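Undergrad: Pasted the sequence and its predicted model underneath.
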Amino acid sequence: MDRYVIRGGRRLQGTVRVGGAKNAILPILAATVLNRTKEDIILTNVPHIRDVVKMVDILRSLGAEITWSGNNMVVSTHNLSGFAISEKLMREMRSTIFLMGALLGRFGQVCISHPGGCAIGQRPIELHLKGLRKLGAQIREQHGFIYASCSRLTGAEIHLDYPSVGATENIMMASVYARGMTVVSNAAKEPEIVDLQNMLNKMGAKIRGAGTDQIRITGVTQLHGIEYSVIPDRIVAGTLMIAAAATGGSVTLENVIPGHLEAVTAKLRETGVQVREENGRLHVEAPPRLRAVEYVRTLPYPGFPTDLQAPMMAALVRAKGTSIVIENVFDSRFKHVGELNRMGAQITVATDNRRAIVHGVDKLTGAIVTAPDLRAGAALVIAGLTAEGETVVEGLEHIMRGYENLEGDLAKLGADIKRVRG
Ligand code: UD1
């Protein structure tokens, strides 16, 4: 297995470009299934990450024709024949769940294996299923599989008990071809949902309200091919901003939407970092040592993103003072704590597994650590950048799921980081 070898202590400096968003391209690829015409869907700013490779494998297994070169992709779903996703492919990537809505919309039936839990928590899907049932789908769960079928879905009013990102996207895709209007209230407001709306509308759908808590979808009978550019990845951007902050760096990010990063910018400013927006670029200028913050509380957008909780904690371990980090979104997202403590951090997790108390220390020391999941992996890399001596981060397969070239970006900014194969 590949690993990173990092020699800490270098201040990050320079300019780096952020690629397309993982959490936007995955639902967008699912949405390509809804195109029944012979016209292609051309996608640009597609990130080269493992989750996209897996999604492409799944779409090809269903009969899609996909060519992918550089950051451009051409998808033809005209000859799509299958509506059953193999258990093996499904197990490899949980986010295939939102293919349910798209396949149901296209074929009136779908069969997937239950996605189950994952490293960061139980991840139930009852909100997805409740929403699809409200649209008229009949759903059976048996032996770990979920079968859904319908004649033609009919628009409905769906109130989500929680603003789940995946459930909102699934319902949006399922209702594009539904008869009449669907209204989703307490919808998730993440920028990736707005991106999905924009993509679907360009294809001919009629969706309004994404980015607010109420989304209205008026059913249409046909969609068509388009060319579409995926939004930049705010989580990758946030990771690089936090890495710059943790190393006392001075970094400029290109291809970002600063408005998507307001919660991160505000929190970094509390630590003493200066964040400036200049012509659509974000400039981060950090002091030699950060200040602790009273709280970091993860919340649905526009709150502080759960996906940046671990990276932010990695920056706070060396801050002056004590910070409290509260994880409100997932129930098991502190797996990085043990690894950070092995590097000399002083973090204690409350028994409810939702609050971590981070006592700032003067220094971290390099160690061999293992990435337990995608964002926790990024956190360990950030800790390695600030630690004395050598840090080895194992479990790179997690990091590859969501970062195109983390080591390349960091090396470009002056970090001493190498990917060692085998
Ligand atoms: C998406 C993102 C992920 C991000 C998360 C929260 C993608 C591919 N993934 O995941 O990176 O961390 O949003 O911003 O876009 N829940 C239920 N029942 C459901 C569905 C969700 O209880 O039916 C719970 C989950 O267990 C979790 C919370 O709601 O505790 C948030 O989940 P959700 O917003 O659905 O996240 P995902 O779409 O899975």
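TA: Happy to help now that I have it.
Undergrad: what stretches of this protein score poorly on pLDDT?
TA: Along the chain, the model assigns pLDDT under 70 to residues 116-122.
Undergrad: Let me see the domain layout of it.
TA: The record's domain parsing of the chain by automatic domain parsing lists 3-19+232-420, 22-229.
Undergrad: got the residues of the stretch 301-422 of the chain near the ligand?
TA: 306, 307, 329, 330 (C-beta under 6 Å from any ligand atom). Glycine gets a C-beta too; all of them are placed from N, C-alpha and C.
Undergrad: what's the neighbour count on the third one?
TA: What that stands for is residue 329. Counted with other C-beta atoms under 10 Å, the neighbours of residue 329 add up to 20.
Undergrad: show me the contacts for it.
TA: Counting by C-beta atoms under 8 Å, 6 or more residues apart in numbering, residue 329 touches 298, 299, 300, 306.
Undergrad: Show me just the buried residues among those residues.
TA: Among these, those classed as buried by 16 or more other C-beta atoms under 10 Å are 298, 300, 306.
Undergrad: ok, the last one - contacts?
TA: It refers to residue 306. 298, 327, 328, 329, 330, 333.
Undergrad: And the second one, by the same measure?
TA: Applying C-beta under 8 Å, 6+ apart, we find residue 300 in contact with 163, 165, 188, 189, 190, 329.
Undergrad: Helix or strand: which one has it?
TA: Using DSSP states H and E, residue 300 sits within no helix or strand.
Undergrad: circling back to that earlier point, out of the contacts of residue 306, which sit inside helices?
TA: When DSSP state H is applied, the contacts of residue 306 are split such that none fall in helices.
Undergrad: ok, which pair from those residues is furthest apart?
TA: When C-beta to C-beta is used, the two most widely separated members of these are 328 and 333, lying 9.9 Å apart.
Undergrad: Pick out whichever of these two has more residues nearby.
TA: residue 333 (26 against 16).
Undergrad: For residue 209, give me phi and psi.
TA: Per-residue torsions, residue 209: phi 100, psi -10 (degrees, to the nearest 10).
Undergrad: Test my guess that it contacts residue 194.
TA: No - Residue 209 lies out of contact with residue 194 (C-beta atoms under 8 Å); the separation is 9.7 Å.
Undergrad: residues from the stretch 151-300 of the chain in reach of the ligand?
TA: Near the ligand, when you scan the stretch 151-300 of the chain using C-beta under 6 Å from any ligand atom, you find 162, 164, 165, 166, 167, 188, 192.
Undergrad: Filter these down to just the buried residues.
TA: 164, 165, 166, 167, 188, 192.
Undergrad: Quick check: the gap between residue 72 and residue 43.
TA: 7 Å (C-beta to C-beta, to the nearest Å).
Undergrad: Equivalent analysis for residue 342, please.
TA: With C-beta to C-beta as the criterion, residue 342 and residue 43 are 41 Å apart.
Undergrad: Comparing those two, which residue is more hemmed in?
TA: residue 43 (24 against 16).
Undergrad: The more buried one falls within a strand, correct?
TA: Yes - counting by DSSP: H, G, I helix; E, B strand; the rest coil, residue 43 falls inside a strand.
Undergrad: Spell out which residues sit in contact with it, please.
TA: With contact taken as C-beta under 8 Å, 6+ apart, residue 43 is in contact with 25, 28, 29, 72, 73, 74, 75, 227, 228, 229, 230.
Undergrad: okay, the residues you listed in a markdown table with neighbour count, secondary structure and distance to residue 87 next?
TA: Output for the contacts of residue 43, formatted as a markdown table (neighbours: other C-beta atoms under 10 Å; DSSP: H, G, I helix; E, B strand; the rest coil; distance: C-beta to C-beta, whole Å):
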| residue | neighbour count | secondary structure | distance to residue 87 |
| --- | --- | --- | --- |
| 25 | 26 | helix | 24 |
| 28 | 27 | helix | 24 |
| 29 | 29 | helix | 20 |
| 72 | 14 | strand | 31 |
| 73 | 23 | strand | 26 |
| 74 | 15 | strand | 29 |
| 75 | 23 | strand | 24 |
| 227 | 12 | strand | 34 |
| 228 | 18 | strand | 31 |
| 229 | 16 | strand | 34 |
| 230 | 24 | coil | 29 |
